[in-house]
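Any chance you could fold what I've pasted below:
(chains A and B)
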There are 2 protein chains.
Amino acid sequence: MTHLLPLLRDRRSVRAFDPDHVLAATDLSSLLEAARWAPSAGNSQPWAFLVARRGTAFHADYVDLLAASTRRWAPAASALVFSLHQAAYDDGDGLDLAYSDYAAYDLGQAVAHLTVQASHLGLSCHQFAAFDHERLAREAGVPAHWRVTTGIAVGLGVESDVEVRVRRPLADVAHEGRFGNPMSTTLIE
Amino acid sequence: MTHLLPLLRDRRSVRAFDPDHVLAATDLSSLLEAARWAPSAGNSQPWAFLVARRGTAFHADYVDLLAASTRRWAPAASALVFSLHQAAYDDGDGLDLAYSDYAAYDLGQAVAHLTVQASHLGLSCHQFAAFDHERLAREAGVPAHWRVTTGIAVGLGVESDVEVRVRRPLADVAHEGRFGNPMSTTLIE
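Numbers count the residues shown, from 1 in each chain, chains lettered A, B, ... in the order given. This next block holds a predicted model:
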């Protein structure tokens, strides 16, 4: 991973968070700011975030929505954040967003920015999907044209037992010109 | 944008690229590596990239697919990259990927990582959607269970006439606990 930005190279989805760490207000702000300044199709910004810091009543509500597999590790994080993307045209919530076919993709970009910012602050994120999406939408009053997408546990990682990260080889991911055509070896070293 | 990582704070989608800049092989590799190491649901890695550097026959083919509005600025970039996400189960291309509902979202994360890495290298990206997706899929031999998603022009930005970037206010983006509930002022400063 030559020349890779250390914040990208060293990022990992930790599964153990310091249960005593408190997320500072300035840190929370900057995480959301990072997401907010991400690019999106036609600057549609089709994202929203539901946030609860550990120790609040909202946080307890959120923990109750987690699948058992998620509940084993996510509540110790300093905050639980849920990401939403706009899934249809605005039906009158006053936000007046243009719907775009790229909304889920753009939300992914915004969350990636949030995640990189977390690494910059010395914090860690672990995204998860094992929670009751429909119940969260109902209980948190999410308008029908917004889609609850992922959960993000944010906190201070304390993982010591590090799993080796694996990925598909670059040759499977990158194609020169046509699908299935490997990149020239002079391009991929 | 207090404490925001400069690579995130200063990123912008430039519209003017140096037409003489050549993308070094090591830089191209590291852009794709950044994408490759992004997180994804269950490590499904549902992304692929089609790449052509300016001056190649593949690049000329790609330019021909661009809408007129894109063709005014994108061909000057050092490379055109198209992003693909897996849109259904594998139908036998041998890559054996698990399909996930989060594929578009995860592709967005991978492209965001690529974009941050580009900034780290002093390069700029401009993503675009105005091109003939179906024709690219056909001409580049993209299997039916992959969806051509966005184009990414990558190169050396030379924009001097900088537009002011605008975003929805943070209060519209971040909700405490419930949708529509503003974050406490002690949390958002």
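
which residue is nearest the middle of chain A?
A:V111 (3.8 Å; C-alpha atoms, centre = their mean).

give the contact list for A:V111.
For A:V111, the contact set (C-beta atoms under 8 Å, 6 or more residues apart in numbering or on different chains) comprises A:35, A:83, A:127, A:150, A:152, B:105, B:108-109. All C-beta atoms are positioned from the backbone trio N, CA, C, and that covers glycine.

7 Å instead, please
A:V111 sits next to A:35, A:83, A:127, A:150, A:152, B:109 when contact means C-beta atoms under 7 Å, 6 or more residues apart in numbering or on different chains.

Distance-wise, check A:H21 relative to chain B.
When distance is defined by C-beta to the nearest C-beta, to the nearest Å, A:H21 is 16 Å away from chain B.

so that residue sits right up against A:G155, yeah?
Yes: using C-beta atoms under 7 Å, A:H21 makes contact with A:G155 at a distance of 5.5 Å.

Residues that sit against both of those two, list them.
Counting by C-beta under 7 Å, 6+ apart, the shared contacts of A:H21 and A:G155 are A:S78.

neighbour count winner among those two?
Using other C-beta atoms under 10 Å in any protein chain shown, the more surrounded residue of A:H21 and A:G155 is A:G155, with 27 against 18.

Now the more buried one. Its backbone dihedrals?
phi -180, psi -160 (degrees, to the nearest 10).

one step back: SS state for the residue nearest to the centre of chain A?
Using DSSP: H, G, I helix; E, B strand; the rest coil, the three-state assignment for A:V111 comes out as helix.

Distance-wise, check it relative to A:R36.
Distance from A:V111 to A:R36, counting by C-beta to C-beta, to the nearest Å: 12 Å.

same thing with A:L114?
Counting by C-beta to C-beta, the gap from A:L114 to A:R36 is 9 Å.

likewise A:R138?
For A:R138, the distance to A:R36 - C-beta to C-beta - is 26 Å.

If you count surrounding residues, which of those two has more?
The neighbour count for A:R138 versus A:R36, taken as other C-beta under 10 Å, is higher for A:R36 (22 against 11).

Quick one, grab the pLDDT at the more buried one.
pLDDT recorded at A:R36 is 95.

Chain A: helices as residue ranges?
Assignment of helices within chain A using DSSP state H yields the ranges A:6-9, A:25-36, A:57-65, A:68-71, A:103-120, A:133-139, A:170-173.

and among these, the most buried is which?
Mean neighbours per residue, mean count of other C-beta atoms under 10 Å in any protein chain shown, is largest over these for helix A:103-120, with a mean of 27.

Check the model's average confidence along it for me.
Helix A:103-120 comes out at a mean pLDDT of 97.

low-confidence ranges in chain A?
Applying pLDDT under 70 to chain A flags the ranges A:1-2, A:90-99, A:160-162, A:185-189.

ok, now which ones touch A:A34?
Residues in contact with A:A34 (C-beta under 7 Å, 6+ apart) are A:113-114, A:116-117, B:4, B:8.

How about stretch A:163-183 and chain B, any contact?
Yes: interface with chain B: stretch A:163-183 contributes A:167-168, A:170, A:172-180, A:183 (C-beta under 7 Å from any C-beta of the partner chain).

Would you mind giving me the ChimeraX syntax to select the buried ones in these?
In ChimeraX syntax, the buried subset of those is picked out as below (16 or more other C-beta atoms under 10 Å in any protein chain shown):
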select /A:168,170,172,173,174,175,176,177,179,183
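
of the residues of stretch A:163-183 next to chain B, closest to chain B?
A:G177 (3.0 Å; C-beta to the nearest C-beta).

Now that the closest one has come up, it's in contact with B:F58, right?
Yes: the pair A:G177 / B:F58 is scored as a contact, 3.0 Å apart, by C-beta under 7 Å.

No further questions, thank you.
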